[in-house]
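Trainee: Show me how the following folds:
(2 chains)
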Number of protein chains: 2
Amino acid sequence: MHPNLRRMEPVSWTQTIGGIIRLTATCICGSDLWPYRGVEKLDGPIPMGHEYVGIVEEVGSQVTTIRPGQFVVGSFWASDNTCEICRAGYQSACVHRVLMGTLGTQAQLARVPLADGTLVATPAMPDADLVPSLLAASDVLGTGWFGAVAAAAGPGKTVVVVGDGAVGLCAVLAARQLGAERIIAMSRHEPRQQLARQFGATDVVIERGDEGVTAIKDMTGGFGAHSVVEAVGTQESMMQAIRSTRPGGHVGFVGVAHNVALPGDELFMSLVHLHGGPAPVRQYLPQLIELICNREIDPGKVFDLSLPLDETAEGYRAMDERRAIKVLLQP
Amino acid sequence: MHPNLRRMEPVSWTQTIGGIIRLTATCICGSDLWPYRGVEKLDGPIPMGHEYVGIVEEVGSQVTTIRPGQFVVGSFWASDNTCEICRAGYQSACVHRVLMGTLGTQAQLARVPLADGTLVATPAMPDADLVPSLLAASDVLGTGWFGAVAAAAGPGKTVVVVGDGAVGLCAVLAARQLGAERIIAMSRHEPRQQLARQFGATDVVIERGDEGVTAIKDMTGGFGAHSVVEAVGTQESMMQAIRSTRPGGHVGFVGVAHNVALPGDELFMSLVHLHGGPAPVRQYLPQLIELICNREIDPGKVFDLSLPLDETAEGYRAMDERRAIKVLLQP
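Mentor: Okay, the predicted model is just below:
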């Protein structure tokens, strides 16, 4: 643990290695619905929200690369970006990591530990219409991107994306950017199918489970896809992803796993590569910010509902009832 | 399925695309102990054995690259080596694959389907002392090699090998050949520890389970190893392998999984890469045969007991009771 994190109370690390940002925008994550729905049990009130963009208000005395007035994007994991694990590209497992959700960003202001390692400033103050896309980079785009990288999406590859939430849709966008030849979105919701196609999906498959696997096999010469991104986190979706992948292919799983147990014998015989987990979004932020500021990608389209911060509860309801893909909150 | 395999009885495919070899040596595999011990239930007598080297006796009329009189090595999976999956390097999932164990190689003669795709001839008739090493290439060396490749063993890496059977020991040898910096063999058996060190292990750890994980963490700055080869196939060994691996590191699992269920949440948070399964030994055979014939590696040392074929039952007993690492059988 970083000495300043170990020794000091939050207020103290804010004064040294942390920063305070005034949020320009924040949002509700699919993973916020797990506690909302009671699947994750809570003992009482907790801070919520871990996605954020905003203007730096203050930085601690030891912060050197970030300064007040900058527009910044950060990952949902605060990280030092200097430890051996960070340098290997796994900032989401930084030895000093702090989950931003434990501090809460569905708020007007947010404290960010490890400001130097966590925050990335945009080259200039972004136009207002870029804010949703930059906010998406904070989690769903970075997570979908990691899923596509973990699934080894690339030129000549057929990529399947299981899950049509914001992360799945961003994985479609990422697969396109990574040069995939064919991108198959698994979705039975018309608006999400449309967005998947805008993001680069070449095909949409409405079947799921075993029928979904059969459909993918039929489309890939019986082999299965080269690359499959799993962006749901259930037993059914994980097995669908593994079974849709050809031997030697890659499964990138980024749906937060809930009550999943992978059968060893089937995994063994599948001969797939399996990689995933909490995305090291920080690794991709400079590249994603550049693509967004150059208007080469527009992941902000995943936000189909914007609400003032004091209507956050309605935002949760809209996502829970699948009336909205993803809700942007304006502090 | 290959048309000749689909349409014809074994005798027929032997006459067209298959081959018959007179075995110079065969052996008993750790996986043969699963049915021997009753863990895998059997309905009645079955052919046994899937590792083999020998002299080609006859080939089918359509075989073009293998001819009678050649000394050949083949994988435990027969494969066409031409389908899309084979060309991607996954011959163990060839669309025409045939498990040699279903035909049985603990015998004087063996039929090999798909002779062109399966068999690799040595450059010349090998010296007798090379036969054990060439036999090892048929499975345990190729499997250990795949485990080390799947675990991304290479320069600068710390590699842990869980399992001190013949496959684990060959994984140590493979990690050394692949340039790993530090190779830690998990073993509490003195003769196996010695062989591990001969094969390139820099360290031996006798602890297993949680204590084994703690020992590896202590040796790797608290991070875990970059690469871990799992060569056992039990729940305990799989979890030990995953927990011994740093975030972003690689687990290569080649122990045939028995009653293993991987907890999704722990796998998710571990951020490891997981790859394994039945090794595509055929992919590595040309390289392994060259290393053996050049006397650069000596994997045949895993055979610490040789018996005539008609004492096969004693060979099973010796391996079951761990009196022998691996038993070579002389037809």
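Trainee: Show me chain A divided up by domain.
Mentor: A:3-139+A:280-330, A:141-276 (automatic domain parsing).
Trainee: Which of those domains has the lowest mean pLDDT?
Mentor: When these are compared by mean pLDDT, domain A:3-139+A:280-330 comes last with a mean of 93.
Trainee: Measure how far stretch A:17-36 is from the centre of its chain, please.
Mentor: 12 Å (CA atoms, centre = their mean, to the nearest Å).
Trainee: Just the buried residues of that stretch, please?
Mentor: With burial defined by 16 or more other CB atoms under 10 Å in any protein chain shown, the residues of stretch A:17-36 counted as buried are A:17-21, A:23-32, A:36. C-beta here means a position set from N, CA and C on the backbone, and glycine is covered the same way.
Trainee: can you map out the helices along the stretch 101-250 of chain A?
Mentor: A:115-118, A:131-137, A:140-150, A:166-177, A:190-199, A:209-219, A:235-243 (DSSP state H, counting those that start in this stretch).
Trainee: Which residue would be the closest one in the stretch 1-150 of chain A to chain B?
Mentor: Nearest residue of the stretch 1-150 of chain A to chain B (CB to the nearest CB) works out as A:Ala93 at 3.2 Å.
Trainee: Not counting residues beside it along the chain, what's closest to that residue?
Mentor: In this structure, A:Ala93 finds its nearest non-sequential neighbour in B:Pro247, 3.2 Å apart by CB to CB, 6 or more residues apart in numbering or on different chains.
Trainee: Flag every residue of the stretch 51-200 of chain A that's near chain B.
Mentor: A:Glu84, A:Ile85, A:Ala88, A:Gly89, A:Tyr90, A:Ser92, A:Ala93, A:Val95 (CB under 8 Å from any CB of the partner chain).
Trainee: Could I get the helices of the stretch 101-250 of chain A in JSON lines, plus columns for mean neighbour count?
Mentor: Formatted as JSON lines, the helices of the stretch 101-250 of chain A follow (neighbours: other CB atoms under 10 Å in any protein chain shown):
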{"stretch": "helix A:115-118", "mean neighbour count": "26"}
{"stretch": "helix A:131-137", "mean neighbour count": "26"}
{"stretch": "helix A:140-150", "mean neighbour count": "30"}
{"stretch": "helix A:166-177", "mean neighbour count": "30"}
{"stretch": "helix A:190-199", "mean neighbour count": "18"}
{"stretch": "helix A:209-219", "mean neighbour count": "16"}
{"stretch": "helix A:235-243", "mean neighbour count": "22"}
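Trainee: Now tabulate these in TSV and tack on distance to B:Gly209.
Mentor: As requested, the helices of the stretch 101-250 of chain A are arranged in TSV below (distance: least, CB to CB, whole Å):
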stretch	distance to B:Gly209
helix A:115-118	35
helix A:131-137	41
helix A:140-150	29
helix A:166-177	35
helix A:190-199	45
helix A:209-219	36
helix A:235-243	26
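Trainee: one step back: what about the residue nearest to A:Ala93, neighbour count?
Mentor: Using other CB atoms under 10 Å in any protein chain shown, B:Pro247 has 24 neighbouring residues.
Trainee: In contact with it: list those residues for me.
Mentor: B:Pro247 sits next to A:Ile85, A:Tyr90, A:Ser92, A:Ala93, A:Gly277, B:Phe223, B:Gly224, B:Ser270, B:Leu271, B:Val272 when contact means CB atoms under 8 Å, 6 or more residues apart in numbering or on different chains.
Trainee: from the residues you listed, which is closest to B:Leu42?
Mentor: B:Val272 (35.2 Å; CB to CB).
Trainee: check contacts around the nearest residue to that closest one once chain neighbours are set aside.
Mentor: Computed as CB to CB, 6+ apart, the closest residue to B:Val272 that is not its neighbour in sequence is B:Thr245, at 4.6 Å. Residues near B:Thr245 by CB under 8 Å, 6+ apart: B:Val160, B:Gly224, B:Ala225, B:His226, B:Ser227, B:Val228, B:Val251, B:Ser270, B:Val272.
Trainee: Kindly state the beta-bridge partners for B:Thr245.
Mentor: Note on B:Thr245: beta-bridge partners by DSSP bridges are B:Ala225.
Trainee: what do you get for A:Val229?
Mentor: Here A:Val229 sits in beta bridges with A:Val161, A:Gly252, going by DSSP bridges.
Trainee: What's the local residue count around it?
Mentor: 37.
Trainee: doesn't A:Ala152 make contact with it?
Mentor: No: if you go by CB atoms under 8 Å, A:Val229 and A:Ala152 don't touch, sitting 10.3 Å apart.
Trainee: Quick check: neighbours shared by those two?
Mentor: Counting by CB under 8 Å, 6+ apart, the contacts common to A:Val229 and A:Ala152 are A:Gly252.
Trainee: mind listing what the nearest residue to A:Ser227 once chain neighbours are set aside touches?
Mentor: What sits nearest to A:Ser227 in space, not counting adjacent residues and going by CB to CB, 6+ apart, is A:Ala151, at 3.8 Å. Counting by CB under 8 Å, 6+ apart, A:Ala151 makes contact with A:Val159, A:Ala175, A:Ser227, A:Val228, A:Val229, A:His250, A:Val251, A:Gly252.
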